[in-house]
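Q: got a predicted structure plus its sequence, pasted below:
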Amino acid sequence: MKVLVAVKRVVDFNVKIRVRSDGSGVDTSGVKMSMNPYDEIALEEAVRLVEAGIASEIIAVSIGPQGCKDTLRTALAIGASRAIHIVMDEMANPLEPLSVAKVLKAISERERPELILLGKQAIDDDANQTAQMVAALLGWGQGTFASNLEIKDGTATVVREVDGGLETLKLKLPCVISTDLRLNEPRYASLPNIMKAKRKPFETIALEDLGIDTRPRLTVLSTDEPDIRPVGKIVNSVQDLVHKLKTEAKVI
């Protein structure tokens, strides 16, 4: 079974985000970048499927500027079989979820995977749309927010997290699955695997060569930093707390 995993290059989750002075977006100059944490979970699940003898090949795909090569090299070091880099102009704005879904559809039609694994969302835009759109474009079943996955006899059993608790779905392969935090704990790339990753197949495709309309449908008017949270206050008694909740916070 062939598994396609999409990995996105984002600002590292440990970095404090800075907004550009003109409010046009997030300042990424000189900022540490890394693989989206949810995509790490998707990749880890694919590697586990290979280790269990269920999957035979993992194709890691990333869309973006030249810096995405580092993200794909990391994916290869963790366990991906080969990588495909869809190259964009360094100065171009990031693709919207629908455009990303169209690109993944095109790659899927070429590679014919039986399973597509994606993180449920990226930590930079928190859109949580790409997996659903890929499934819709391909006409495949989808299991989002997966906290458990079992592949057997041509079907995928997905336990997904919903507002009311857990829901179990049984999907026919091929299908699209997005991963949640509790699915697994991603591994670190070992030094020997990092060295081996340099010899694994790495394909580069220009975005324009796919012939896909990726023109933006949304316009970002401005980007603002959140308000600074006021410091907490220490109260000396329950009566003092109640008084402040009534007069200052006005929540009771």
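A: Looks like it came in fine.

Q: can you get me a residue count around Ile234?
A: Using other C-beta atoms under 10 Å, the number of residues around Ile234 comes to 6. From N, CA and C alone the C-beta is placed, and that goes for glycine too.

Q: ok, now Glu51?
A: Using other C-beta under 10 Å, Glu51 has 10 other residues around it.

Q: same question, Gln129
A: Counted with other C-beta under 10 Å, residues neighbouring Gln129 total 16.

Q: again with Glu225
A: With other C-beta under 10 Å as criterion, Glu225 counts 10.

Q: once you drop chain neighbours, what's closest to it?
A: Excluding its sequence neighbours, the residue lying closest to Glu225 (C-beta to C-beta, 6 or more residues apart in numbering) is Val19, at 5.0 Å.

Q: phi and psi next, for that neighbour.
A: Here is the backbone geometry of Val19 (degrees, to the nearest 10): phi -90, psi 140.

Q: that one pairs with what?
A: With DSSP bridges as the criterion, the beta-bridge partners of Val19 are Val26.

Q: quick one: it and Val220 touch, right?
A: No: under the criterion of C-beta atoms under 8 Å, Val19 makes no contact with Val220, lying 11.6 Å away.

Q: where in the chain is pLDDT low?
A: 91 (pLDDT under 70).

Q: helices along that one, start to end?
A: Listed in chain order, the helices of the chain (DSSP state H) span 37-51, 68-78, 97-111, 130-138, 191-197, 238-244.

Q: measure Lys233 to Glu203 for me?
A: 57 Å (C-beta to C-beta, to the nearest Å).

Q: now do Ile86
A: As for Ile86, its distance to Glu203 is 10 Å (criterion: C-beta to C-beta).

Q: quick one, which of these two is more surrounded?
A: Higher neighbour count among Ile86 and Glu203: Ile86, with 23 against 12, using other C-beta under 10 Å.

Q: contacting residues for that one?
A: By C-beta atoms under 8 Å, 6 or more residues apart in numbering, the contact list for Ile86 reads 61-64, 103, 107, 205-207, 210.

Q: number of nearby residues for the residue lying closest to it once chain neighbours are set aside?
A: Excluding its sequence neighbours, the residue lying closest to Ile86 (C-beta to C-beta, 6+ apart) is Ile63, at 4.2 Å. A count of nearby residues for Ile63, using other C-beta under 10 Å, gives 24.

Q: same thing with Pro65?
A: Around Pro65 sit 15 other residues, with neighbours defined as other C-beta under 10 Å.

Q: test my guess that it contacts Glu90.
A: Yes: using C-beta under 8 Å, Pro65 is in contact with Glu90, at 4.5 Å.

Q: just to revisit the earlier point, you'd agree the residue nearest to Ile86 is up against Leu210?
A: No: taking C-beta under 8 Å as the definition, Ile63 is not a contact partner of Leu210, at 10.0 Å.

Q: quickly list what's touching both of those two.
A: Residues touching both Ile63 and Leu210 by C-beta under 8 Å, 6+ apart: 86, 103.

Q: highest neighbour count among the contacts of Ile86?
A: Within the contacts of Ile86, neighbour counts (other C-beta under 10 Å) peak at Val61, which reaches 28 neighbours.

Q: not counting sequence-adjacent ones, nearest residue to that one?
A: Ile84 (4.8 Å).

Q: and if you look at Thr71?
A: Nearest residue to Thr71, sequence neighbours excluded (C-beta to C-beta, 6+ apart): Arg9, at 4.4 Å.

Q: does Glu161 touch Arg182 like I think?
A: Yes: Glu161 is within contact range of Arg182, at 7.3 Å (criterion: C-beta under 8 Å).
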